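S.K.: got a predicted model here, sequence first, then my questions.
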Amino acid sequence: MSRRAALIGCGATALADQPRPLRLAAAPGRAALRGTAFPETEIWGYGGRVPGPEIRARWGEPLQIVVENRLDQDTTVHWHGIRAPNAMDGVPGLTQPPIQPGETFTYAFTPPDAGTFWYHPHANSLTQLGRGMAGVLIVEEPEPILVDRDLVWLLADWRLSSDARIAPGFGNGMEAAMAGRVGNTMTLNGAVPADQRVRAGERIRLRLVNGALARIMALRIEGHRPVVVAIDSQPCDPHEPKGGRLLLGSAMRMDVIIDMQGEPGRRYQVIDDFYDGLAYPLTALAYEAGRPIRAQPPDTPLRLPRNPLPEPDLAGAERHELALQGGMMGGGALSGMGGMNGMATPGMDGDAAWAINGMSMTGDGHAGMPPLLTLARGRTCVLALRNQTAWWHPMRLHGHSFRVLSRNGVPTPHHEWGDTVLLPPKETVDLAFVADNPGDWMLHCHVMDHQMAGLMTVLRVA
Ligand code: C2O
Ligand code: CU
């Protein structure tokens, strides 16, 4: 299926007042993840495909998405990054009843922000996301940056057996207490990445989505200098990332502008070198042979218009600290587990391996998840996330986007916002947001095994 055919957004039609109902079926399917030399992989996906259809909406356009569950287990859809009303957030038990097999649920909301978002289940999500259920949702700015092409790379990480089946063993307790289920096969938009054809001189907006269960990525493009213009769908000051590396924890997105200033006919690798000693070429930019389409990069601006996000009021903020605890020590010994509620030896299947402020909420969204904190609606909250563990955690707060104020007390540059913030081991990150979206919101690690094994809590805005 061509990418064009996969667009179910509004395309060329005029913006209507009435939402166009879109339909998404959560269903089993097959995908040629590793190409034609291998058997097709049995996956679960939206429309039975990986990735699910790309949803494109214009800013201000109401969306109505009817989700039908053709799986044999409960599911929901979470619209990651969209500051939707609580009832549309897709967390089973917390914000809606799960969608049972054979049932449908209609999600209806108007995304308040433009940007690059994605959708995935929030029921049994370690397995459901790990079997392929994910898609990209793009809300177009009224005045986007002028580019020649707008590309989306949904990156996913699979653990496949030699005959291209999805390996069993989701929820392995040992992995849950370590880096999570990191796979062995990367796909780009649902296939093992082939070379990406580009033309010399063109300006591309590349929307990167880390749709992996656990894998963290640090992407470098040989000979190129991508400029980051948005992180997690929120515009930032346009900047070249440190060391030229685009660092993406699970669930994070980055919009980058790349001027293709390479030589016609040449090939430039895109390398992921996040894990020490495990760098690999993810894909390559393959230049066509023709003359550059322009001599110089365009001088049109790279700054995206801001979204309607309230700026936090730091002086009047309420402050809270959340300590991330547990997990194995890097060398295999257990870290300080003493005194944590309900925490057994990490690494045993189904038991908690992690905690937030001494409490482990395990599994996925479910009924009866009590809020750890209640935040006053409309007030700014500064959250200090203190990673006391030996592992990296991409921490996700639902319902809001936050300013990333500082790391280990050092202010962050580029006016960075996010909805998922990647914490290195032992780092403390200060976030700030106006708690303006009422309801009970999950806060959890997006390494799915970590969430399932206790790195999850709930914040109430009331
Ligand atoms: Cu992708 Cu609970 O989020
Ligand atoms: Cu984690």
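M.R.: Received it, and whenever you're ready, just let me know what you need. Worth saying up front: this structure is predicted, and the values here are computed from it rather than measured. Ligands and ions are numbered 1, 2, ... in the order given.
S.K.: any residues of this structure in contact with ligand 1? List them.
M.R.: H78, H80, H120, H122, A251, R396, H398, M442, H444, H446 (Cβ under 6 Å from any ligand atom). Backbone N, C-alpha and C define where each C-beta goes, glycine included.
S.K.: quickly list what the nearest residue to G48 once chain neighbours are set aside is bridged to.
M.R.: Computed as Cβ to Cβ, 6 or more residues apart in numbering, the closest residue to G48 that is not its neighbour in sequence is G29, at 2.8 Å. For G29, the beta-bridge partners under DSSP bridges are I43.
S.K.: kindly report the same for D430.
M.R.: Applying DSSP bridges to D430, the residues it is bridged with are A384, S406.
S.K.: how far away is it from C381?
M.R.: 11 Å (Cβ to Cβ, to the nearest Å).
S.K.: then M361?
M.R.: For M361 relative to C381 (Cβ to Cβ), the value is 19 Å.
S.K.: tell me the contacts of the residue located most distally from the centre of the chain?
M.R.: Distance from the centre of the chain peaks at R291, with 36.9 Å (Cα atoms, centre = their mean). Contact partners of R291, counting by Cβ atoms under 8 Å, 6 or more residues apart in numbering, are A200, P264.
S.K.: got the phi and psi for it?
M.R.: phi -70, psi 150 (degrees, to the nearest 10).
S.K.: kindly report the same for N307.
M.R.: Per degrees, to the nearest 10, the backbone of N307 is at phi -80, psi 160.
S.K.: excluding its backbone neighbours, what's nearest it?
M.R.: D113 (3.9 Å).
S.K.: confidence score at the one you found?
M.R.: Note on D113: pLDDT of 98.
S.K.: surely it touches V139?
M.R.: Yes: counting by Cβ atoms under 8 Å, D113 touches V139, with 6.7 Å between them.
S.K.: can you list residues touching both of these two?
M.R.: Common neighbours of D113 and V139 (Cβ under 8 Å, 6+ apart) are W59, I82, S233.
S.K.: now for W391, how many residues are close by?
M.R.: The local packing of W391 (other Cβ atoms under 10 Å) involves 25 other residues.
S.K.: can you tell me the SS state at it?
M.R.: What DSSP: H, G, I helix; E, B strand; the rest coil gives for W391 is coil.
S.K.: show me the contacts for the spatially most central residue of the chain.
M.R.: With distances taken as Cα atoms, centre = their mean, A251 lies nearest the centre of the chain, 1.7 Å away. Counting by Cβ under 8 Å, 6+ apart, A251 touches H80, W118, N210, G211, P394, R396, T420, H446.
S.K.: before we move on, back to that, now the shared contacts of D113 and V139: which count as buried?
M.R.: Buried residues within the shared contacts of D113 and V139, counting neighbours by 16 or more other Cβ atoms under 10 Å: W59, I82, S233.
S.K.: residues contacting the last one?
M.R.: S233 makes contacts with G81, D113, A114, G115, T116, F117, V139, R253, D255, N307, S401, D419, as judged by Cβ under 8 Å, 6+ apart.
S.K.: just the closest of these to ligand 2, please.
M.R.: The closest of those to ligand 2 turns out to be D419 (Cβ to the ion; 15.5 Å).
S.K.: tell me where the stretch 1-150 of the chain has helices.
M.R.: 3-6, 125-130 (DSSP state H, counting those that start in this stretch).
S.K.: next up, the contacts around the closest residue in space to G243 that isn't next to it in sequence.
M.R.: Counting by Cβ to Cβ, 6+ apart, G243 lies nearest to R220, which is 7.8 Å off, once chain neighbours are set aside. Counting by Cβ under 8 Å, 6+ apart, R220 makes contact with G243, G244, R245, L246, V270, I271, D273.
S.K.: state the distance from R220 to A179.
M.R.: 21 Å.
S.K.: likewise V198?
M.R.: The separation that V198 has from A179, given Cβ to Cβ, amounts to 33 Å.
S.K.: more crowded one of the two?
M.R.: Each of V198 and A179 has its neighbours counted (other Cβ under 10 Å); V198 has more, 22 against 18.
S.K.: and that one, what are its bridge partners?
M.R.: Residues in beta-bridge contact with V198 (DSSP bridges): Y287.
S.K.: what do you get for the one 5 residues further on?
M.R.: According to DSSP bridges, D259 are recorded as the beta-bridge partners of R203.
S.K.: sorry, back to before: list the contacts for the residue nearest to N307?
M.R.: W59, G81, I82, R83, V139, S233, Q234, N307, P308, L309, S401.
S.K.: please name the nearest non-neighbouring residue to the third one.
M.R.: Just to be clear, that refers to I82. P111 (4.9 Å).
S.K.: surely V429 touches T420?
M.R.: No: applying Cβ under 8 Å as the test, V429 and T420 come out as separate, 11.4 Å apart.
S.K.: any idea how far ligand 2 is from W391?
M.R.: From W391 across to ligand 2, the span is 6 Å (Cβ to the ion, to the nearest Å).
S.K.: mind pulling up the phi and psi values for that residue?
M.R.: When read as degrees, to the nearest 10, the backbone of W391 gives phi -130, psi 160.
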